[in-house]
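Visitor: How does the following fold in three dimensions:
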Amino acid sequence: MIKKLNSLTILFIVTMVMLVLMLVTIQRPDNVSEDYSILYPELFDQLGDVDTIKFKSSQDEFTLYKQGEDWLIKERWNFPADFNLVKRALIDIAEAKVLERKTDSSEYHPLLGVEGIEDGGLSIQVTLLNGEQQVAGLILGNEREIDKNMGPRQFYVRRSNEDRVWLAEGYLNLNPLMLNWIKSEVVNVARERIAQVNIIQPNGQTATIVNVGKKNKFGIPRLMESTVFKYEQLGYDIAGTLHQLRMEDVQPLTDFSRGDSEVVTAEFITFDGLKVTSETSFIDGFFYSTFKAEYDASAVKTAPEDIQQADVLKSVAEVQQEAQKITKDLQSWVYRFGGFIGTNLMRAEADIVTETGKAIPMPADLTGFGQ
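Guide: Sure thing, here's the model as predicted:
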C-alpha cells in the first residue's frame, strides 16, 4: 500500500513539474531580432478609413458602423453608439505595444485564452473593416496579472489568421456586451438653467418646484425658501433630472405599448426658454419615458445673478437649435430608467414636501443611475 501511494505521489509530482515547464515555455519570450514594438504598426494611420467594427465573443455578437460622424449599432435598431468609447477603443488597439513573442502552437492557445470562438473559446474577437476590406483583426485573450493597479495592462493576444501569440501592453478593455456600447446619455441640461419643473398627474393635479432666487436652491411656489422637502436634496435632485441624464435601456417608440399604465407628464422649463417634456409610465418594475422639446418665449425670465455668472444660459437662437436637436434625437425612442430617476419624473406633491421635523435622510441610490 505504501509502495502504491509513493508511486502515485511521484507520478503526481512529475505531472505537475511537466505542466509548470510547459507554462514557462509558452510564456517565455522568444529571441527575435525584428522590431515588434507596436502590435499593428500601420493601423494608427488607417483609423480614419475604419467604418465598421465587428465584435464576437461567447457572450455577444454585434456590429458598430459609421454613418457620417456618428457610430451606430446595427443589431440595436441602428441606435447611436457612444462615440467616445468607439474612438477610445480604436486608438487603444492602434497603440497596443508588443512586449514579448509567445508560442505559435495552437494547442497552447486555450491556456492563454486566445483560441477561436468557434472552438468554444472565451476570447473577444474584434475585426476592423473599411467596407468589406479587413484593416485589422484582434483576438484578445487572458489578462496577465501584474503588480501595478494603474496604467496600461498586459494581455495575451493574437492577430486574426495567425497562430503566433503575443504578450501586449495597452488599455485593451474591450467590452464584449453590446449594451455597454450604447450611447447612454439621453440629454444634458444644466441644473442651473432650470427655473421651474411641473409634474402633472393623470388626474391633472400638478406638483411644481421653482428656483427660489439662488443657484441650486428650489422650493414650491407657495412656500419658496420655507419649503421642507421629503429629504433635503430632493428639490435639487428633481431640478437636476436632465443633467447628464442616462438610461438603462432603449427601444423604438413604434415597438412600445404603455397598455393600461398611467402616464405622468413632467415639464422642465429653463430661464432661457427651453421646455423639455417627458411622459413616463411605470411598467413591470421599470420606468419608461419619452421626450420632446420646444422653445417657449413666454417662459424666458431673468435668472438670479449667480446663475448669470455661471455662464450656462443660452441665446434665443441657441435654445431654438437645442430644442430642435433634442426632439429630433429623442422623439423616436422610449428610454428605460431605474427607480431614482423614474420616481422623480412621476412624483406627486405629497411625495415631494413634508412638514418641519419630518424630513428623512437622503436615500441611497442603488440603481447606479442617480444624479
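Visitor: okay, CA-based contacts and neighbour counts for the rest of this
Guide: Will do.
Visitor: so where do the strands sit in the stretch 101-250 of the chain?
Guide: Remark: strands assigned in the stretch 101-250 of the chain by DSSP state E, counting those that start in this stretch are 124-130, 133-144, 153-159, 165-170, 185-187, 194-200, 206-211, 218-219, 245-246, 249-252.
Visitor: Other residues contacting the longest one?
Guide: The contact list for strand 133-144, computed with Cα atoms under 8 Å, 6 or more residues apart in numbering, reads 40, 43, 46, 50, 112-116, 122-129, 153-160.
Visitor: What strands flank that strand, and is each parallel or antiparallel?
Guide: Using DSSP bridges, the strands paired with strand 133-144 are strand 124-130 (antiparallel), strand 153-159 (antiparallel).
Visitor: Ok, the fourth one next?
Guide: Under the criterion DSSP bridges, strand 165-170 sits next to strand 97-101 (antiparallel), strand 153-159 (antiparallel) in its sheet.
Visitor: quick one, which of the ones you listed is packed in tightest?
Guide: Greatest average neighbour count among those goes to strand 153-159 (a mean of 23), per mean count of other Cα atoms under 10 Å.
Visitor: Tell me which helix or strand in the chain has the weakest average pLDDT.
Guide: helix 2-27 (a mean of 52; mean pLDDT, DSSP states H and E).
Visitor: Got the confidence number for the residue lying closest to G116 once chain neighbours are set aside?
Guide: Leaving aside its sequence neighbours, G116 sits nearest to S123 (Cα to Cα, 6 or more residues apart in numbering; 6.9 Å). Predicted confidence (pLDDT) at S123: the value is 92.
Visitor: which residues touch S123?
Guide: Contacts of S123 (Cα under 8 Å, 6+ apart): S57, S58, G113, V114, E115, G116, I117, I139, L140, G141, N142.
Visitor: Let me know the closest of those residues to E318.
Guide: S57 (43.6 Å; Cα to Cα).
Visitor: Go ahead and confirm that closest one touches I124.
Guide: Yes. If you go by Cα atoms under 8 Å, S57 and I124 touch, sitting 4.9 Å apart.
Visitor: okay, and the common contacts of the two?
Guide: I117, P176.
Visitor: Settle it for me: which of these two has more neighbours?
Guide: Taking neighbours as other Cα atoms under 10 Å, S57 and I124 compare with I124 leading, 26 against 22.
Visitor: and the more buried one, bridged to which residues?
Guide: The partner residues for I124, given DSSP bridges, come to L140.
Visitor: for the one 5 residues further on, same thing?
Guide: On the basis of DSSP bridges, L129 is bridged to T52, Q134.
Visitor: for the nearest residue to A168 once chain neighbours are set aside, what are its contacts?
Guide: Distance criterion Cα to Cα, 6+ apart; nearest residue to A168, sequence neighbours excluded, is V98 at 4.3 Å. Applying Cα under 8 Å, 6+ apart to V98 gives the contacts Y36, S37, I38, L39, W166, L167, A168, E169.
Visitor: List only those of those residues flagged as buried.
Guide: I38, L39, W166, L167, A168, E169 (16 or more other Cα atoms under 10 Å).
Visitor: doesn't A96 make contact with the first one?
Guide: What it means is I38. Yes. The pair I38 and A96 passes the contact test of Cα under 8 Å, sitting 6.1 Å apart.
Visitor: which element is Q321 on?
Guide: Taking DSSP states H and E as the definition, Q321 sits inside helix 316-330.
Visitor: actually T265, not the one I wrote
Guide: Here T265 is assigned to strand 264-270, by DSSP H and E.
Visitor: now Y295, nearest residue through space, not along the chain?
Guide: Y295's closest residue in space is L274 (Cα to Cα, 6+ apart), at 4.9 Å.
Visitor: can you pull the contacts of the one you found?
Guide: F268, A293, E294, Y295, D296, A299, V319, Q320, A323.
Visitor: would a markdown table of those with distance to E262 and pLDDT be doable?
Guide: Below are those laid out as a markdown table (distance: Cα to Cα, whole Å; pLDDT from 0 to 100):
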| residue | distance to E262 | pLDDT |
| --- | --- | --- |
| F268 | 20 | 98 |
| A293 | 21 | 98 |
| E294 | 24 | 98 |
| Y295 | 27 | 98 |
| D296 | 27 | 98 |
| A299 | 28 | 97 |
| V319 | 31 | 98 |
| Q320 | 31 | 98 |
| A323 | 26 | 98 |
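Visitor: Now the two most distant members of those.
Guide: Across those (Cα to Cα), the longest gap, 15.2 Å, separates F268 and Q320.
Visitor: circling back: tabulate the strands of the stretch 101-250 of the chain in JSON lines, adding columns for distance to Q67.
Guide: Listed next are these as JSON lines, based on distance: least, Cα to Cα, whole Å:
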{"stretch": "strand 124-130", "distance to Q67": "13"}
{"stretch": "strand 133-144", "distance to Q67": "17"}
{"stretch": "strand 153-159", "distance to Q67": "27"}
{"stretch": "strand 165-170", "distance to Q67": "28"}
{"stretch": "strand 185-187", "distance to Q67": "19"}
{"stretch": "strand 194-200", "distance to Q67": "34"}
{"stretch": "strand 206-211", "distance to Q67": "41"}
{"stretch": "strand 218-219", "distance to Q67": "42"}
{"stretch": "strand 245-246", "distance to Q67": "23"}
{"stretch": "strand 249-252", "distance to Q67": "19"}
